[in-house]
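Undergrad: Got a sequence here, can you model it:
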Amino acid sequence: MAADEHAVTSGRMAHGRAVWLMVLVTLMWATAGVVTRQLEHARSFEVTFWRASFTVLSLLVILPTWRGRAVFATIRQGDRSLWVSGVCWSVMFTAYMVALTLTSVANVLVTMALAPLFTALAARLFIGHRLATRTWIAILVAGIGIGWMYGSEFSSAGGQLLGTLVALCVPLAAAGNWTVTQHAHAAGHDVDMVPAVLIGAALCALATLPLAWPFQVNAHDLGLLAFLGLVQLAIPCVFSVMCARVLKAPELSLLALLEVIFGIALAWLGAGEEPALRVLAGGTVVIAALVGNERLGLSRRSGKSV
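TA: Numbering: from 1, shown residues only. All right, here's what the predicted structure looks like:
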């Protein structure tokens, strides 16, 4: 992995390789839905517990190999910001997997795609960052798209409303995480994101253990959950940190949207979970708002007229 990190952070080709690595990251993230649909016995909090546990085990091997054993000193010596970030990661991990057991993959992924806009609002409210007009427009358009997707659910007592509300915790926690890390950066105390992910996974496993008991998992499910912990979460989280050192924030935001497309496609092809027309329509509006906002941001940063 050290060779990959060197390749991603050096030379002109590094940017192109970082882009493709980020595409691979989104594809790995997107496997969560289709893999979850293959589980036979594990459900809800048990799924969350085992995924988080395997993530912890994976990172306990990956981190000292990649960073050296000194990385654990970073955790022991970390300030409050590191642990608050870990709590935010824990909320994201828990809400994501629980939501997948309550509603469709498409609902979860499109709801999660709101993270950049929630982050922008959090930056305005808590850090005082001014929002560009394009971002306010994107927030309005995305809100219309979400209303289109979920209007029928809010007007009915049943449906998949609970899963949608749980999924909404993911972008909210992501916005809180970004706000904490930015505040720490401004104070001269940068948060090391990979140890924060390890803390988040450990907290997630501890919090969901009582709710997951008694275990119903079988050997088949355990193999799939190990895949989720290692391949779907631990490895792509490390790779995404590498990419973040090379790619600009708007580039990362745009590329991360591929998870929505990949995730819906994989669930459709691999689990027969065809997304509802309203989800596709509303999701298209949300994605278009995000893409337009980030592309304008990239153009402005590169000095082009917008």
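
Undergrad: And the closest residue to Leu27 other than its chain neighbours, how far from Leu57?
TA: In this structure, Leu27 finds its nearest non-sequential neighbour in Phe262, 5.2 Å apart by CB to CB, 6 or more residues apart in numbering. The C-beta positions use only the backbone N, C-alpha and C, and glycine is treated the same way. According to CB to CB, to the nearest Å, Phe262 stands 26 Å off from Leu57.

Undergrad: remind me which residues of the stretch 51-200 of the chain are low pLDDT?
TA: 129, 131, 149-160 (pLDDT under 70).

Undergrad: How far off centre is stretch 273-281?
TA: Offset of stretch 273-281 from its chain centre (CA atoms, centre = their mean, to the nearest Å): 21 Å.

Undergrad: In that stretch, which residues are buried?
TA: Glu273, Pro275, Val279 (16 or more other CB atoms under 10 Å).

Undergrad: hmm, back to that, more crowded one of Phe262 and Leu57?
TA: Phe262 (20 against 16; other CB atoms under 10 Å).

Undergrad: Okay, that one and Phe49: tell me how far apart.
TA: Distance from Phe262 to Phe49, by CB to CB: 25 Å.

Undergrad: What of Val23?
TA: 30 Å.

Undergrad: Same drill for the two, tell me which one is more crowded.
TA: Neighbours around Val23 and Phe49, counted as other CB under 10 Å, are more numerous at Phe49. The numbers are 26 against 14.

Undergrad: my read: Ala207 touches Val91, true?
TA: No. Ala207 is not in contact with Val91 according to CB atoms under 8 Å; the separation is 9.5 Å.

Undergrad: Just the buried residues of the helix or strand hosting the residue nearest to Leu27, please?
TA: Taking DSSP states H and E as the definition, Phe262 sits inside helix 258-271. By neighbour count with 16+ other CB under 10 Å, helix 258-271 contains the buried residues Leu258, Glu259, Val260, Phe262, Gly263, Ile264, Leu266, Ala267, Trp268.

Undergrad: got a list of what the fourth one touches?
TA: With contacts taken as CB atoms under 8 Å, 6 or more residues apart in numbering, Phe262 has the following neighbours: Thr26, Leu27, Trp29, Ala30.

Undergrad: measure it to Glu251 for me?
TA: For Phe262, the distance to Glu251 - CB to CB - is 17 Å.

Undergrad: Neighbours of the spatially closest residue to Met97 that is not a sequence neighbour, how many?
TA: Among residues not flanking Met97 along the chain, Thr48 sits closest, at 4.2 Å (CB to CB, 6+ apart). Close neighbours of Thr48, defined as other CB under 10 Å, add up to 28.

Undergrad: before we move on, what about Asp79?
TA: 11.

Undergrad: Quick check, it in contact with Ala187.
TA: No. Assessed by CB under 8 Å, Asp79 is found out of contact with Ala187, at 9.4 Å.

Undergrad: re earlier: from the buried residues of stretch 273-281, which has minimum pLDDT?
TA: Confidence by pLDDT is poorest for Val279 among those, given 74.

Undergrad: Next, that residue: secondary structure please.
TA: helix (DSSP: H, G, I helix; E, B strand; the rest coil).

Undergrad: how about it, what does it touch?
TA: Here Val279 is in contact with Ser104, Ala106, Asn107, Val110, Met149 (CB under 8 Å, 6+ apart).

Undergrad: So which of those residues is the closest to Ala95?
TA: Asn107 (12.9 Å; CB to CB).

Undergrad: so what's that closest one closest to, chain neighbours aside?
TA: Of all residues not flanking Asn107 in the chain, Thr164 sits nearest, at 5.6 Å (CB to CB, 6+ apart).

Undergrad: from memory the one you found sits against Leu109, does it?
TA: No. Applying CB under 8 Å, one finds Thr164 not in contact with Leu109, separated by 11.6 Å.

Undergrad: Comparing these two, which shows the higher neighbour count?
TA: Leu109 (29 against 22).

Undergrad: Isn't that one up against Ile264?
TA: Yes. Look at Leu109 against Ile264 with CB under 8 Å: they come within range, at 6.2 Å.

Undergrad: The nearest residue to Val110 once chain neighbours are set aside: which element?
TA: Spatial nearest neighbour of Val110, chain neighbours left out: Gly283 (4.1 Å); criterion: CB to CB, 6+ apart. Taking DSSP H and E as the definition, Gly283 sits inside helix 277-301.

Undergrad: quick one: that helix to chain centroid distance?
TA: 17 Å.

Undergrad: now do stretch 166-178
TA: On the basis of CA atoms, centre = their mean, stretch 166-178 sits 9 Å off its chain's mean C-alpha point.

Undergrad: Likewise for stretch 211-230?
TA: 21 Å.

Undergrad: That one spans what distance, first to last residue?
TA: 22 Å (CA to CA, to the nearest Å).
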